[in-house]
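Asker: One predicted model, sequence on top.
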Amino acid sequence: MRGAKALPASAIVQDAAARRATYPLPKPHENAPVCVIVAPHPDDECIGGGLPLRLLQESGWRVVAIAVTHGSNPARQLARADEFIEACTCIGFEPMLLTERGLSRVTTHTRETDPSHWATCVHLLAEKLAALKPALVLCPHALDAQNTHIGTHFLALDALAVVSANLPNFATTLAFTEYWSTMILANLLVELTAAHVGDMVSALACHVGEVSRNPFHLTLPGWLIDNVRRGGEIVGTSGGVAPNYTFAAIYKVMQWRDGALHAAWSSGRMMGQDISCSAALNV
């Protein structure tokens, strides 16, 4: 059964390679704004990457994906790093590793009980963020129901606090992502086309070891379809007309300035294909 699951991923990866040879990926514009995806694991850069993908393809943003951990299985960590690089190459993101095997024990328990280890992790991420000076940072929301996802949320906020302490005028936009648990107070729904979803699935399939044990790439389109139903009510008006999207990604957008989080806007926003994501984010 495991072998059978791996076949669709292999076929998708081969198809993605063929498409890249025929249709080159868009390149970031010179001096483009930077979007950083703080991914808890290799594969999260693809799952939550709908908004960054649109920013790259529509407006030439530079999208940097940072793999925080490489999973908890030491035997898979180096391979997962390779798969991460392949996936980013497939979708057009710039891969960045914090260490050869990724950080370890990125959880709230570590944050509370091992401040020395946590400070080392925060420093490594803060160093990258300070160098990149991103206009947009993506990370999981605080209740994403998986220990490393939740830990990565606080790691990102702590790293931003360090950046602000060293760069007093530093400010950025934050977009919280969801996967293992939904966000009640989401405020952004981003429409994705079939082409966007195809790019995301192709890149996600590059994480062959992961999708062989659990076919995330095959269920991603269904999840993005269901986001339209949920987002129409949560981001839009309860009881209102549902957006005419097939696929969508859900986020909670906030502002980071003066070393703290602030509200970005007072009501939910929908970013259909007729709206520039870059302009709508006011970046």
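Answerer: Sure, I can see it. Values in this document were obtained by computation on a predicted structure and should not be read as measured data. Numbering: from 1, shown residues only.
Asker: mind checking which helix or strand the residue nearest to Ala263 when sequence neighbours are not counted is in?
Answerer: Leaving aside its sequence neighbours, Ala263 sits nearest to Met254 (Cβ to Cβ, 6 or more residues apart in numbering; 6.5 Å). Where C-beta positions appear, they are placed from N, C-alpha and C, glycine not excepted. Using DSSP states H and E, Met254 sits in strand 247-257.
Asker: Identify each buried residue in that strand, please.
Answerer: Phe247, Ala248, Ala249, Ile250, Tyr251, Lys252, Val253, Met254, Gln255, Trp256 (16 or more other Cβ atoms under 10 Å).
Asker: who's the fourth one bridged to?
Answerer: Under the criterion DSSP bridges, Ile250 forms beta bridges with Leu189.
Asker: re the thing from before, dump the residue contacts of the residue nearest to Ala263.
Answerer: By Cβ atoms under 8 Å, 6 or more residues apart in numbering, the residues touching Met254 are Thr173, Leu174, Phe176, Leu261, His262, Ala263, Ala264.
Asker: how much space between it and Gln146?
Answerer: Using Cβ to Cβ, to the nearest Å, we find Met254 at a distance of 21 Å from Gln146.
Asker: Could you pull out the strands in the stretch 101-250 of the chain for me?
Answerer: Assigned by DSSP state E, counting those that start in this stretch, the strands in the stretch 101-250 of the chain fall at 136-140, 171-177, 188-192, 247-257.
Asker: Could you dump these into CSV with distance to Ile85 and mean pLDDT added?
Answerer: Formatted as CSV, those follow (distance: least, Cβ to Cβ, whole Å; pLDDT from 0 to 100):
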stretch, distance to Ile85, mean pLDDT
strand 136-140, 19, 98
strand 171-177, 21, 97
strand 188-192, 24, 97
strand 247-257, 23, 97
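Asker: so which of these comes closest to Gly102?
Answerer: The closest of these to Gly102 is strand 136-140. By Cβ to Cβ, the value is 15.4 Å.
Asker: returning to what we had before: from the contacts of Met254, keep the buried residues only.
Answerer: Buried members of those, counted by 16+ other Cβ under 10 Å: Thr173, Leu174, Phe176, Ala264.
Asker: which residues in the stretch 151-283 of the chain form helices?
Answerer: For the stretch 151-283 of the chain, the helices defined by DSSP state H, counting those that start in this stretch cover 194-205, 208-213, 216-234, 277-280.
Asker: right, so those helices: which one is the most enclosed?
Answerer: helix 194-205 (a mean of 22; mean count of other Cβ atoms under 10 Å).
Asker: can you give me the mean pLDDT across that helix?
Answerer: Mean pLDDT, helix 194-205: 93.
Asker: Ok, stretch 101-119 next?
Answerer: Averaging pLDDT along stretch 101-119 yields 97.
Asker: ok, now stretch 147-166?
Answerer: Averaging pLDDT along stretch 147-166 gives 98.
Asker: Put the alpha carbons of that stretch into CSV.
Answerer: This file holds the C-alpha atoms of stretch 147-166, laid out as CSV (Å, rounded to 0.1, in the frame of the first residue of the first chain):
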residue,chain,number,x,y,z
ASN,A,147,3.3,20.9,18.7
THR,A,148,5.9,22.1,16.2
HIS,A,149,3.4,24.3,14.4
ILE,A,150,2.5,26.0,17.6
GLY,A,151,6.1,26.2,18.7
THR,A,152,7.0,27.7,15.3
HIS,A,153,4.4,30.4,15.9
PHE,A,154,6.1,31.5,19.1
LEU,A,155,9.5,31.1,17.6
ALA,A,156,8.6,33.5,14.8
LEU,A,157,7.2,36.1,17.2
ASP,A,158,10.2,35.8,19.5
ALA,A,159,12.6,36.2,16.5
LEU,A,160,10.7,39.2,15.3
ALA,A,161,11.1,40.7,18.8
VAL,A,162,14.8,40.2,18.6
VAL,A,163,14.9,41.8,15.2
SER,A,164,12.9,44.8,16.5
ALA,A,165,15.3,45.2,19.4
ASN,A,166,18.3,45.4,17.0
